[in-house]
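In: Give me the fold of what follows.
(3 chains)
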Amino acid sequence: MPQPILTMTTDFGLSDHYVGAMKGVILGICPQAQIVDITHEIGAYQITEGAFAIAQAYRCFPKGTVHVVVVDPGVGTARRPILMEAAGQRFIAPDNGVLAMIYAREKSKIRVISNDRYFHKPVSTTFHGRDIFSPVGAHVAAGVSPAKIGKLIDDYLRPAFQNPVQTGKRRWNGQVLKVDRFGNMVTNFEAADFPDLSRRTFLFRLGPHEVGALARNYADTGPGELFAIVGSSGYYEISMNQASAAKATGCASGSPVELSIW
Amino acid sequence: MPQPILTMTTDFGLSDHYVGAMKGVILGICPQAQIVDITHEIGAYQITEGAFAIAQAYRCFPKGTVHVVVVDPGVGTARRPILMEAAGQRFIAPDNGVLAMIYAREKSKIRVISNDRYFHKPVSTTFHGRDIFSPVGAHVAAGVSPAKIGKLIDDYLRPAFQNPVQTGKRRWNGQVLKVDRFGNMVTNFEAADFPDLSRRTFLFRLGPHEVGALARNYADTGPGELFAIVGSSGYYEISMNQASAAKATGCASGSPVELSIW
Amino acid sequence: MPQPILTMTTDFGLSDHYVGAMKGVILGICPQAQIVDITHEIGAYQITEGAFAIAQAYRCFPKGTVHVVVVDPGVGTARRPILMEAAGQRFIAPDNGVLAMIYAREKSKIRVISNDRYFHKPVSTTFHGRDIFSPVGAHVAAGVSPAKIGKLIDDYLRPAFQNPVQTGKRRWNGQVLKVDRFGNMVTNFEAADFPDLSRRTFLFRLGPHEVGALARNYADTGPGELFAIVGSSGYYEISMNQASAAKATGCASGSPVELSIW
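Out: So this is what the prediction gives:
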């Protein structure tokens, strides 16, 4: 039998003992788990950033994978922990929208996590990653049926992650979703929604910067030139060849991006 | 049979090849090991910080776990490598106090590591993480009896990690043990020693800052307000709701904290 | 049967979802893989730094290990992906010299990776780490014969990693290969090539700084004193006791180092 895979996505960073403590709890419950870190470097309290990371990563994992996602500014308050089944996988997270980019796309069943038999006791008010999300994830990975964790709900949070807004016949306002390590700026313009830029005249505007070139790969263009490219995530990205487009434009996550197509 | 769990806590960081090299040595000896990183981002040479991290994390791991702890400014000198058995787990570290927060609390047996049959040869003078601590940890995880590693000692280092010092009838001087990623400041005031703050008037003083509110969770208070809270580690922490208390007060690890109770 | 070991060395960093996505692909193909991170903090596009990290780390891994190395500024261009067999291990990387410090030293067989049956489809133009290197590595770890991946080649890139250049009877010009987390500067003077410094008068010159002392371990010398030491990698390093030699000298990776021996 293959080992159950359990992934972790958090904003806990790697310099404290928090992630290690969670893994100890997980292995105490499900010693055969194959634990995979998606990232622990989500910006502190940045729910949108966490939502993007897990929505990108889960598609690469096999059916049956359990994902524990903890970006949880409301820890200890009335916000609920939830368990989602979608795409043949299971997701454990706070009900604060961090799973919303997945349930906006996939057929899903969502439960409130209420059965404290699967919690790590005593439950602290400040570290539900260790006391609720990890142990529930580990029990599910070890074979506990989602139905035993809690009841189905349909009043989970549905945040409006900004899609580009059409502001003219051929003009849209969008934004930078994410700047990656290389300074590539992932926009919220999905290639599937704007498929034919390669055959059209277009312009992305980021403040004073105008980007009208579409590249097929990062090395297609000269040094210092900004270009658009369909990134590995399926969104248009604004990039530079071996340099940081974010640094060159002064843009960051959330910066406005305007697209015009002629 | 479950895989043996071996954890690692070091100040090696993640940008060099050092941690990867240690894992190669471990898997060469104990291929079935389940390796878990507690953290590799202990500040360079910061023994107290390493002591705090492993003392927090080990409690979440199941019996039988082997912990390799390498914060080792004296590598290559006469300081001894030690093997500790405590709480049904095993710990491998230099004898420099990095395990002291555990053996101050748990019944323990401590041995000097002397049997070089379990070392990675040739033993360098600068990387005992690879040549001594990891291979000994891997052999123990694979089933080698601690008695084969070396003799029991009782003259291991006992550093005086500062406990709060009473300076008046109802006044104590303590300090910040650790600032976490979120800017929460873990003090060395243990909740078990000062249990009744919720029913008393009290004041934590950090320089000019006074903290007299006790919260049950991070969201209990308004923005910008400092409060005390019993953290997941069992110590009082000074925190702010979704903001860094350390930045707000200018405090760091080691900063003095005074507690008055009326 | 032991789990196959698969290591990863990249410049992707740990704050994006990229590394997690690669691990998902790997586990989908080879669920029993034991995945080990060497480092993901290679400087963006720094092929030499990646070459050094994997050349140091592989020697600690057992035969049969598969290493996936992705420092790939030319992703999506005509640069070829390659599979190398050397030292009883397998290495998957772009043909840009990132494996050169290994094939300069070991007997090796190198193949171009061409059989797209082992790719993750559709293959993007920007993320071959996910679409080519990881899945090919996972298939090889799962037992696919290298011969099925592609044909042997001998026109792979052979970059001239600088060895020290002799400039006088007893004088060589070399450089700093790498500065580690502790500020130790690894030079490209190999101890095996300059073995007898302990019995000779010598001087390393780094700009205005002169280093004529050889230490056996980091604590051998007084505070603030620069010294040379044979590091764990087998190269001479310029170090300071519990302080950063790089900060003290203002040197960085690539800085010139002159050695004179009398």
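
In: Please count neighbours and contacts with C-alpha atoms only from this point.
Out: OK.

In: Run through the strands of the stretch 51-200 of chain A in chain order.
Out: For the stretch 51-200 of chain A, the strands defined by DSSP state E, counting those that start in this stretch cover A:66-70, A:81-86, A:89-94, A:108-112, A:165-168, A:171-179, A:185-190.

In: Next, format those as a markdown table and append mean pLDDT, mean neighbour count and distance to residue B:196.
Out: As requested, the strands of the stretch 51-200 of chain A are arranged in a markdown table below (pLDDT from 0 to 100; neighbours: other C-alpha atoms under 10 Å in any protein chain shown; distance: least, C-alpha to C-alpha, whole Å):
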| stretch | mean pLDDT | mean neighbour count | distance to residue B:196 |
| --- | --- | --- | --- |
| strand A:66-70 | 98 | 29 | 31 |
| strand A:81-86 | 98 | 22 | 30 |
| strand A:89-94 | 98 | 25 | 31 |
| strand A:108-112 | 98 | 19 | 34 |
| strand A:165-168 | 94 | 12 | 55 |
| strand A:171-179 | 94 | 21 | 46 |
| strand A:185-190 | 94 | 24 | 51 |
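
In: distance of the closest residue to residue A:213 other than its chain neighbours from chain B?
Out: Nearest non-adjacent residue to residue A:213, counting by C-alpha to C-alpha, 6 or more residues apart in numbering or on different chains: residue A:227, 5.0 Å away. The gap separating residue A:227 from chain B is 30 Å, by C-alpha to the nearest C-alpha, to the nearest Å.

In: which residues does residue A:227 contact?
Out: Residues near residue A:227 by C-alpha atoms under 8 Å, 6 or more residues apart in numbering or on different chains: A:211-215, A:221, A:238-240.

In: and with 10 Å instead?
Out: A:204, A:210-218, A:220-221, A:236-241, A:245 (C-alpha atoms under 10 Å, 6 or more residues apart in numbering or on different chains).

In: likewise residue A:262?
Out: By C-alpha under 10 Å, 6+ apart, the neighbours of residue A:262 are A:169-171, A:197, A:200-203.

In: Tell me the one of those nearest residue C:159?
Out: Of all those, residue A:197 has the smallest distance to residue C:159: 38.9 Å, by C-alpha to C-alpha.

In: just to revisit the earlier point, list only buried entries from the contacts of residue A:227.
Out: A:204, A:210-218, A:221, A:236-241, A:245 (16 or more other C-alpha atoms under 10 Å in any protein chain shown).

In: Select from those residues every entry located in helices.
Out: Applying DSSP state H to those, the entries found in helices are residue A:245.

In: Quick check: the gap between residue A:246 and residue A:124.
Out: Separation of residue A:246 from residue A:124 (C-alpha to C-alpha, to the nearest Å): 40 Å.

In: now do residue A:69
Out: In this view, residue A:69 and residue A:124 are 18 Å apart by C-alpha to C-alpha.

In: same deal with residue A:192?
Out: As judged by C-alpha to C-alpha, residue A:192 and residue A:124 stand 44 Å apart.

In: Settle it for me: which of these two has more neighbours?
Out: The residue with more neighbours, out of residue A:192 and residue A:124, is residue A:124; 21 against 11, by other C-alpha atoms under 10 Å in any protein chain shown.

In: helix/strand/coil for the nearest residue to the more buried one once chain neighbours are set aside?
Out: Leaving aside its chain neighbours, residue A:124 sits nearest to residue B:232 (6.1 Å; criterion: C-alpha to C-alpha, 6+ apart). At residue B:232 the chain is in coil, as set by DSSP: H, G, I helix; E, B strand; the rest coil.

In: who touches residue B:232 in this structure?
Out: A:18, A:123-128, A:130-131, B:56, B:186.

In: for those residues, which one is nearest chain C?
Out: Chain C lies nearest to residue A:18 out of these, by C-alpha to the nearest C-alpha, at 16.5 Å.

In: For residue B:58, see how far away the closest residue to that closest one other than its chain neighbours is.
Out: Among residues not flanking residue A:18 along the chain, residue A:12 sits closest, at 6.8 Å (C-alpha to C-alpha, 6+ apart). Using C-alpha to C-alpha, residue A:12 is found at 18 Å from residue B:58.

In: is any part of stretch A:165-180 close to chain C?
Out: Yes. Stretch A:165-180 reaches chain C (C-alpha under 10 Å from any C-alpha of the partner chain) through A:178-180.

In: got the end-to-end distance for that stretch?
Out: Distance across stretch A:165-180, first residue to last, is 24 Å (C-alpha to C-alpha).

In: can you check stretch A:24-38 too?
Out: One end of stretch A:24-38 sits 17 Å from the other (C-alpha to C-alpha).

In: Is it in proximity to chain B?
Out: Yes. Using C-alpha under 10 Å from any C-alpha, stretch A:24-38 reaches chain B at A:24-35.

In: Residue A:226 bridge partners, please.
Out: residue A:240 (DSSP bridges).

In: Report how many residues lie close to it.
Out: 24.
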